[in-house]
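In: what follows is a predicted structure for the sequence shown.
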Amino acid sequence: MKRYQNHILLFFVVALVAVPLMLIHKPATGPDGKEVEIFTGSDDQARNAVGTIDPSYKPWAKSLIVPPSGEIESLLFALQASLGAGFIGYWYGSASTRAKMRKELSKHVQC
């Protein structure tokens, strides 16, 4: 069991991500004929608000990579957030462990 434990856990993690995305059904087009997007965020709302305030506004930069759908864009954002949280958690844990070790070492040196 130990040999395949990591493979089984990896399978369940992938299933937890993939199954909900496969179960989502895209709604019909809206009353204006536009395709309804399920995973829209504040970036899209801000872009639409700027477009209504100043229709002649031109963006300063273009995206390097344009994902094929909003779902993939959300997935990439979640991946970026989880990697950042993992990095910060690792740094915090190692910094606190380093501080504890220095404190223990200073106790032994003073004795």
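Out: Yes, it's here. Numbering: from 1, shown residues only.

In: what is the mean pLDDT for stretch 92-100?
Out: Over the span of stretch 92-100, the pLDDT mean works out to 94.

In: now do stretch 12-30
Out: 84.

In: centre of the chain to that stretch, how far?
Out: 16 Å (C-alpha atoms, centre = their mean, to the nearest Å).

In: what sits up against it?
Out: 35-36, 38, 71, 75 (C-beta atoms under 8 Å, 6 or more residues apart in numbering). C-beta coordinates here come from the backbone N, C-alpha and C atoms, glycine included.

In: give me that answer again for 7 Å
Out: Stretch 12-30 is contacted by residues 35-36, 38, 71 when judged by C-beta atoms under 7 Å, 6 or more residues apart in numbering.

In: with neighbour count added, can I get those in a markdown table?
Out: A markdown table is the format used below for the contacts of stretch 12-30 (neighbours: other C-beta atoms under 10 Å):
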| residue | neighbour count |
| --- | --- |
| Glu35 | 9 |
| Val36 | 11 |
| Ile38 | 12 |
| Glu71 | 15 |
